[in-house]
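*Asks:* Mind folding the following:
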Amino acid sequence: MIRRIYIVVAITLAMGGSLAWAQRDGAPPNPRGEAGPPRNADEAMERERMNRRGPGGVARIPGWVGEGVIHSLSGAQINMLVSGNQPWRVRMENNAQLSTKGEVSPTLLRPRTVVRFKALLTARDVALEPITELEVFTPRAGFVPGKEIPAPEEEAAADQPEDFAPKNTAKEAGEAVGEELMEEEGSPLSRRPPPRARQRGRDKDKDEASAAQEFEVTGMVVSFKRGRLLVDAGDGGKIRGELAEDAHVKVNLQSLDLAQPGAKIKVSGLAMPSFNGVGGDVVARSVEVTLVPPPPTTDPGERPRRRR
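*Replies:* Below you'll find the predicted structure:
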């Protein structure tokens, strides 16, 4: 009886020792043999892929480059389709280089968006004419909003298309308003003198138009509703104006804030193809998005439906 007890105890100790030895000297906790949580998205996806690999599994591909279209966006992940409708899931490295360029609908203008545009402003910082072109951009470090007189048109003429029609100068705008008033006052259809209040209003508009000047404005959007735009230009004041119905909103961002499904995308980074050879995962070091020009809209202040 005692001998049987000794045998059972010896077997138990042997099994416990082998289990402890296996736990101590077994497989490494991750493919690189490093303990602890992954250090970045690259290592996390590498661990996930390497842990799923078996004999003959698909190896990861460094320096992978793929082009396609954005299918959908979910948080920090982009789902893209490349040639043959192969689905790829894209996640960005912490210091990935991001770029979004193209043109978007004015409906995507939101508060705190940094913009740049030119406008003929009165002394009260109100744009006399609808704004036809506006740029959304990523400001550099030390960015200061404001308004300044743009370079002479002679210097910028080389960059303008042939069919570009320069805006009227302040003097021409004042003369145009004066001629319009003279035609109205001398019309045979109205022999009565205009009311004094109306005449004072016309004189005030004439003075503002003659004193208006073209500025290049850079600042942050405060509000945009029904085509009416309010921009905070810092020391340049609050700029008010209206966007034209066919206004062009260009994008030059170092982020993916305005990336939309259907846009073209180019990704380079570490790729981990799926086992069936169709699609896979990518840890992106570089992402370039080119937006598709939006269809024309009749209401620039109409809000789009939010992406779910």
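
*Asks:* how about the helices in the stretch 51-200 of the chain?
*Replies:* Using DSSP state H, counting those that start in this stretch, the helices found in the stretch 51-200 of the chain span residues 153-156, 170-185, 196-211.

*Asks:* Tell me if I'm right that residue 76 and residue 91 touch.
*Replies:* Yes: judged on CB atoms under 8 Å, residue 76 makes contact with residue 91 at a distance of 6.3 Å. (Glycine included, C-beta is placed from N, CA and C.)

*Asks:* follow-up on the earlier one: and the helices of the stretch 51-200 of the chain, which one's lowest on average pLDDT?
*Replies:* For the helices of the stretch 51-200 of the chain, mean pLDDT drops lowest on helix 170-185, to a mean of 44.

*Asks:* Pick out whichever of residue 76 and residue 91 has more residues nearby.
*Replies:* residue 91 (18 against 10; other CB atoms under 10 Å).

*Asks:* who are the neighbours in contact with that one?
*Replies:* 41, 45, 76, 77, 78, 281, 282, 283, 284 (CB atoms under 8 Å, 6 or more residues apart in numbering).

*Asks:* in the helix or strand encompassing the last one, what counts as buried?
*Replies:* The reference is to residue 284. Assigned by DSSP states H and E, residue 284 belongs to strand 280-290. For strand 280-290, burial by neighbour count (16 or more other CB atoms under 10 Å) applies to 280, 281, 282, 283, 284, 285, 287, 288, 289, 290.

*Asks:* Stretch 119-135 too?
*Replies:* Going by 16+ other CB under 10 Å, stretch 119-135 has these buried residues: 119, 120, 121, 122, 125, 126, 127, 128, 130, 131, 134.

*Asks:* Secondary structure element holding residue 261?
*Replies:* Using DSSP H and E, residue 261 sits in no helix or strand.

*Asks:* before we move on, what about residue 42?
*Replies:* Assigned by DSSP H and E, residue 42 falls within helix 41-52.

*Asks:* on that earlier part again, which members of the buried residues of stretch 119-135 define the maximum pairwise distance?
*Replies:* Using CB to CB, those reach their maximum pairwise distance at 122 and 134, which is 19.0 Å.
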